[in-house]
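**Q** Prediction below, plus the sequence it came from.
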Number of protein chains: 2
Amino acid sequence: MDSVTPDYHHEMLEKDYLACCGSIQFAKEMALASPFPSLDHAISAARDIWFNKVDVNGWLEAFSAHPQIGGSTSSHHTKSPASAQWSKVEQSTALATATSSSLQELSDWNTCYRQKFGFVFLICASGRSTAEILDELKKRYPNRPIVEFEIAAQEQMKVTELRLAKLFSTKGTVTESGKQ
Amino acid sequence: MDSVTPDYHHEMLEKDYLACCGSIQFAKEMALASPFPSLDHAISAARDIWFNKVDVNGWLEAFSAHPQIGGSTSSHHTKSPASAQWSKVEQSTALATATSSSLQELSDWNTCYRQKFGFVFLICASGRSTAEILDELKKRYPNRPIVEFEIAAQEQMKVTELRLAKLFSTKGTVTESGKQ
């Protein structure tokens, strides 16, 4: 690994971070801020970048990288196979607790949600059943678009934190390979 | 005018409302809600549509219809000559109080603003000097992107209200021609 160029390391880092959160600005700034001495430092940097630096177009870009909850993998996911794989794992509780009628209801509500807000319903699905996700969707649906936009960004951050933790546990080098 | 079709009336209404606020959803919903018995009713409907129904993509669409403050007319303005003309009048105080160096400073700050937030700096410019607008831009620049996004939407609503008032004073038929 020592023989690869710093540019190569940098691109790999960006790809890893893009799998955590599909905003290119987020991935670039995280790669620039790497390496991090700990997961906590990485999460703290990620929160600062996501909430203070990534603009609203970047939020929409990140949202568009998610598949519909309960739906099949989005075409956008070709950008990041790791992200697609993680989505599957994150939704595994929901899928295990789903019936075909609850999946249909979720799909119908997802369609309404997307029509009203212009982006996919985003929720940190880890450990949540289909019924819980559907309840949450129905509760959030009456929100004003700007309110829902900020809630979706907070849910995105929860997903990002879980994925950063996976990245650190499976690929410790990400903390070391950027700058030496 | 009585011989023209309702569809024609409807399209004319949409155009009028699009000149007040460059979101197509806003214009369509205002045209559907027409006619209004008074300007107050129109403003009240406009506020409800803008803040509760138009999604964040629609907000960005409306922002992109504005020329840069102090800059030349945006190419987007070909969509609405009336909007371009109103922008000029709204910015007349700023232009009358501008020096070439203050216009340059405003242009530089506008560029920074657009780089950070991804949309044009939006302010209800009516009656404001270049110095006041520049002060406001500098004050707003440190904001988080989501905070600034909502402030810009509030400024857009102020502009929309002024333009609705002009529409009603110059073109009273807009309240009558939609539905009889």
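**A** Yep, that arrived. All values derive from a computational prediction rather than experimental measurement.

**Q** which helices and strands does the helix or strand containing A:E11 pack with?
**A** Under DSSP states H and E, the secondary-structure element containing A:E11 is helix A:6-20. Counting contacts by 3 or more Cβ pairs under 8 Å, 6 or more residues apart in numbering or on different chains; DSSP states H and E, helix A:6-20 packs against helix A:24-33, helix A:81-90, helix A:145-170. Quick note: C-beta positions are derived from backbone N, CA and C, even for glycine.

**Q** How about the residues of chain A by chain B?
**A** Contacts of chain A with chain B, taken as Cβ under 8 Å from any Cβ of the partner chain, map to A:51-60, A:116-119, A:144-146, A:149-150, A:153.

**Q** Show me how to select, in ChimeraX, the buried members of the residues you listed.
**A** Here the buried members of the residues of chain A next to chain B are turned into a ChimeraX selection, burial being counted by 16 or more other Cβ atoms under 10 Å in any protein chain shown:
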select /A:51,54,55,56,57,58,59,60,117,118,119,145,146,149,150,153
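
**Q** Filter the residues of chain A next to chain B down to just the ones in strands.
**A** Among the residues of chain A next to chain B, no member is found in strands (DSSP state E).

**Q** Where in chain A is the helix or strand with the lowest mean pLDDT?
**A** Within chain A, judged by mean pLDDT, DSSP states H and E, the helix or strand with the poorest mean is helix A:92-96; its value is a mean of 78.

**Q** So which residues make contact with it?
**A** Defining contact as Cβ atoms under 8 Å, 6 or more residues apart in numbering or on different chains, one finds that helix A:92-96 is touched by A:I69, A:G70, A:A125, A:S126, A:G127, A:R128, A:S129, A:T130, A:I133.

**Q** Find the nearest non-adjacent residue to A:M157, please.
**A** Distance criterion Cβ to Cβ, 6 or more residues apart in numbering or on different chains; nearest residue to A:M157, sequence neighbours excluded, is A:W50 at 5.6 Å.

**Q** residues in contact with the one you found?
**A** A:C21, A:S23, A:F26, A:A153, A:Q156, A:M157, A:T160.

**Q** What's the local residue count around the first one?
**A** Burial of A:C21 is recorded as 29 neighbouring residues (other Cβ atoms under 10 Å in any protein chain shown).

**Q** For chain A, give me the ranges with low pLDDT.
**A** A:1-6, A:8, A:71-79, A:172-180 (pLDDT under 70).

**Q** Would you mind pointing out the helix or strand A:P142 falls in?
**A** When secondary structure is defined by DSSP H and E, A:P142 falls outside every helix and strand.

**Q** residues near it, how many?
**A** Counted with other Cβ under 10 Å, residues neighbouring A:P142 total 10.

**Q** And A:H9, by the same measure?
**A** Here the number of neighbours of A:H9 (other Cβ under 10 Å) works out to 21.

**Q** So it versus A:K28, what's the distance?
**A** 14 Å (Cβ to Cβ, to the nearest Å).
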